[in-house]
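Asks: Attaching a predicted model along with its sequence, questions to come.
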Amino acid sequence: MSSKGNGESKFENGTGRNGLSKIQTQKRQNEVCHDDSASPVKAQTIDELHSLQKKKSAPSTPINGTQGAFTALSEDDRHKQQLQSISASLASLTRETGPKLVKGDPARTTETPKVAHASQHHFAPTVSASDSSLKFTHVLYNLSPAELYEQAIKYEKGSFITSNGALATLSGAKTGRSPRDKRVVMDETTESDLWWGKGSPNIEMDEQTFLVNRERAVDYLNSLDKVFVNDQFLNWDPENRIKVRIVAARAYHSLFMHNMCIRPTPEELENFGTPDFTIYNAGQFPCNRYTHYMTSSTSIDLNLARREMVILGTQYAGEMKKGLFSVMHYLMPKRQILSLHSGCNMGKDGDVALFFGLSGTGKTTLSTDHNRYLIGDDEHCWSETGVSNIEGGCYAKCIDLSREKEPDIWNAIKFGTVLENVVFDEHTREVDYTDKSVTENTRAAYPIEFIPNAKLPCIGPHPKNVVLLACDAYGVLPPVSKLSMAQTMYHFISGYTALVAGTVDGVKEPQATFSACFGAAFIMLHPTKYAAMLAEKMQQHGATGWLVNTGWSGGSYGYGSRIKLPYTRKIIDAIHSGSLLNADYKKTVVFGLEIPTEIDGVPSEILDPVNTWADKDAYQETLLKLAGLFRKNFETFTNYTIGKGNNLTQEILAAGPIF
């Protein structure tokens with residue numbers, strides 16, 4: 001097999017990369033994790049969408065000694081450097097001059113503010129008009145949450161302050177990610193580096209098409225009265241952080257990224273320099289559907305060589321967050337740092353646990369523990385020095401949110417938080433988290449310091465435990481299993497959970513879902529690369545792998561019952577304390593899992609799922625059915641090679657179900 005993966009032709013019609021014949025994008029079923037994808041809103045106009053929204057009836061990073069850094073350069077030089085940096089980002093291929101930068105709202109004055117009035121966060125040099133003859137663009141640079149609130153409420157329809165102080169916004173027709181509209185430029189480097197073909201989330205495009213879309217986005221941004229620019233960081237590890245610049249048309253997007261990325265101190269902002277990666281978010285403007293490679297009016301394009309991302313035709317803010325996560329999945333492994341789609345917390349004694357799990361498995365619930373420090377809820381790096389959170393905030397689901405079930409998230413929704421697509425009372429502005437009128441994928445984005453037990457800075461030592469969560473609606477996986485290293489790699493690559501089928505049509509059959517590395521929509525390299533790095537780090541630092549089923553027991557969905565959350569919490573507590581390592585174990589058939597015979601606070605009979613099924617034949621039949629689904633899913637990875645000699649080993653294959 002070649003290093004490209006499965007050996008298939010890059011294009012279905014066999015043309016070369018520079019050919020212009022039509023590219024056919026294959027429709028994929030259950031091949032990537034669509035945990036926040038959502039159906040488009042049915043409203044035809046913004047007024048209709050707005051009517052759905054209303055029901056009829058950021059703290060900054062703490063800094064010390066901020067004055068010294070501002071005396072090194074003259075004010076004029078400082079302004080000039082900042083302008084040059086942002087101008088370089090905003091200028092298109094043929095537009096040499098960038099925008100002018102002003103303090104505050106350009107609508108408030110008819111004159112360009114004087115340089116003397118610029119504060120440490122705002123700059124106002126004068127530049128000549130660009131050769132595009134477009135309007136001057138005012139750049140609103142690293143505005144505070146309060147300033148962004150003002151901009152959103154004044155100029156963006158559908159933006160309101162809710163009764164809890166959060167900013168409620170609308171993302172337009174797209175209320176979730178558009179994974180089939182995401183493209184990655186295939187060039188000489190990425191052709192051999194990235195995972196392409198069957199099962200991969202990476203859909204290719206060429207450099208020329210990227211530049212066409214980039215030009216469209218930059219021209220749109222330059223045509224606006226104002227744009228919002230954020231300069232921020234990714235990765236709390238100071239040795240390996242990435243500088244990112246976000247150029248956006250909406251205040252909502254700027255506040256979202258202010259919350260989700262790591263907020264620089266004034267000194268860090270002063271010395272920010274050239275960003276490592278830039279996003280041009282022109283999501284209000286569509287791509288040209290007749291452009292080569294385009295399949296709709298939406299396009300999210302990544303160019304890893306240029307370190308740029310272009311967004312057209314979608315205003316869903318999650319595209320920026322997950323786009324940067326994809327970039328980190330490419331950049332970090334090149335530094336021998338493992339990027340992970342996981343939650344992470346730390347005990348008072350410094351023991352760190354990683355939690356992997358797809359939507360609905362309990363990853364957020366179990367990683368949020370009042371007895372432990374939260375390092376992060378979604379994206380992490382594991383380097384030679386330990387773990388670090390990639391982000392500076394949390395992006396929590398809000399559907400059916402309650403104070404009783406999720407008090408930390410409930411209390412984090414306050415001034416500075418962005419609430420996406422929620423419904424609220426027209427008069428009181430109280431949010432109804434149960435209302436799905438706009439979308440089921442309602443979200444809250446807030447800085448991580450809004451969580452009371454967050455560990456700041458968001459870094460920790462090497463993990464002791466790696467917990468793989470599965471909500472098994474078939475009811476045949478044990479509540480907890482201790483995994484060998486090969487089994488950890490097998491189940492990490494598989495990324496299994498089972499969704500409960502819709503009940504509208506009466507269908508009760510569970511649906512198995514597999515998402516490689518528990519985040520296939522965002523990975524860039526082949527899953528075996530990440531799995532091999534995970535195994536190497538676990539072996540080096542003595543971490544133990546666990547498979548925890550938070551799903552059904554005593555039968556499949558519709559017959560058995562969901563494993564009680566208090567039991568799962570007792571299991572997780574036993575993992576954290578280390579007591580589960582000393583338990584007695586026995587091995588199951590088919591999957592060959594090591595399961596404990598006894599755990600304090602958990603009924604022993606549920607630890608082996610066969611005990612909980614009244615119909616043993618039905619249990620065996622269902623067990624074999626799930627094993628077959630695992631085997632079929634894993635066929636995608638069995639013949640893949642990367643580079644020289646890095647074959648998927650027979651040991652990993654043997655760690656899967658045997659029947």
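Replies: Received, thanks.

Asks: Run through who's touching stretch 155-164.
Replies: Contacts to stretch 155-164, defined as C-beta atoms under 8 Å, 6 or more residues apart in numbering, come from residues 46, 49-50, 53-54, 149, 152-153, 167-170, 250-252, 413-414, 419, 422, 424, 428-431. Any C-beta I mention is one placed from the backbone N, CA and C, and that applies to glycine too.

Asks: Which of those fall in strands?
Replies: Counted as lying in strands by DSSP state E, out of these, are 54, 167-169, 419, 424, 431.

Asks: Could you identify the most distant pair in those?
Replies: For the ones in strands among the contacts of stretch 155-164, the farthest-apart pair by C-beta to C-beta is Lys54 and Leu167; their separation is 14.7 Å.

Asks: Neighbour count for those two, which is higher?
Replies: Comparing Lys54 with Leu167 by other C-beta atoms under 10 Å, the one with more neighbours is Leu167, at 25 against 17.

Asks: returning to what we had before: give the buried subset of the contacts of stretch 155-164 as a PyMOL selection command.
Replies: Buried members of the contacts of stretch 155-164, defined by 16 or more other C-beta atoms under 10 Å, are picked up in PyMOL with:
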select buried, resi 49+53+54+149+152+167+168+169+170+250+251+252+413+419+422+424+429+431
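
Asks: Identify, from the ones in strands among the contacts of stretch 155-164, the entry nearest to Val466.
Replies: Nearest to Val466, judged by C-beta to C-beta, of those is Leu419 at 32.9 Å.

Asks: Distance of that closest one relative to Asn271?
Replies: Using C-beta to C-beta, to the nearest Å, one gets 34 Å for the distance from Leu419 to Asn271.

Asks: for the chain, which residue is closest to the average position?
Replies: What sits nearest the mean C-alpha location of the chain, by C-alpha atoms, centre = their mean, is Lys322, with 4.0 Å.

Asks: Would you mind giving the secondary structure of that one?
Replies: Under the three-state scheme (DSSP: H, G, I helix; E, B strand; the rest coil), Lys322 adopts helix.

Asks: For it, which residues are in contact?
Replies: 36, 177, 521-522 are the contacts of Lys322 under C-beta under 8 Å, 6+ apart.

Asks: One more pass at 7 Å, please.
Replies: Shown in contact with Lys322 (C-beta atoms under 7 Å, 6 or more residues apart in numbering): 177, 522.

Asks: got the CA coordinates for stretch 463-477 in CSV?
Replies: C-alpha atoms of stretch 463-477 as CSV (Å, rounded to 0.1, in the frame of the first residue of the first chain):
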residue,chain,number,x,y,z
PRO,A,463,-2.1,11.3,32.8
LYS,A,464,-2.5,8.2,35.0
ASN,A,465,-5.7,7.0,33.5
VAL,A,466,-7.2,7.1,30.0
VAL,A,467,-10.9,6.5,30.1
LEU,A,468,-12.8,5.6,26.8
LEU,A,469,-16.5,6.2,27.2
ALA,A,470,-19.2,4.4,25.2
CYS,A,471,-22.9,4.6,25.6
ASP,A,472,-23.7,1.1,24.5
ALA,A,473,-27.4,1.0,23.7
TYR,A,474,-27.1,-2.7,22.7
GLY,A,475,-26.5,-3.5,26.4
VAL,A,476,-23.7,-6.0,26.0
LEU,A,477,-20.5,-4.1,27.0
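
Asks: lowest average confidence, helix or strand, in this protein?
Replies: Least confident helix or strand, the chain: strand 100-101 with a mean of 51, by mean pLDDT, DSSP states H and E.

Asks: how far away is Leu52 from Thr45?
Replies: In terms of C-beta to C-beta, Leu52 sits 11 Å off from Thr45.

Asks: more neighbours, the two?
Replies: Taking neighbours as other C-beta under 10 Å, Leu52 and Thr45 compare with Leu52 leading, 19 against 8.

Asks: how near is the more buried one to Arg569?
Replies: Leu52 is 37 Å from Arg569, where distance means C-beta to C-beta.

Asks: now swap in Cys398 and tell me
Replies: From Cys398 over to Arg569 the distance is 23 Å, taken as C-beta to C-beta.

Asks: Pick out whichever of those two has more residues nearby.
Replies: Per other C-beta under 10 Å, whichever of Cys398 and Arg569 has more neighbours is Cys398, with 21 against 16.

Asks: Which residue is the nearest non-sequential neighbour of that one?
Replies: Thr442 (4.1 Å; C-beta to C-beta, 6 or more residues apart in numbering).

Asks: what about the strands in the stretch 201-350 of the chain?
Replies: Secondary structure of the stretch 201-350 of the chain by DSSP state E, counting those that start in this stretch: the strands cover 204-205, 226-234, 242-248, 277-282, 299-303, 308-312, 338-341, 343-346.

Asks: Quick one: closest of these to Ala512.
Replies: strand 338-341 (19.1 Å).

Asks: Tell me which residues are up against that closest one.
Replies: With contact meaning C-beta under 7 Å, 6+ apart, strand 338-341 is reached by 328-329, 332-333, 354, 378-382, 517-519, 522, 530, 533-534, 537.
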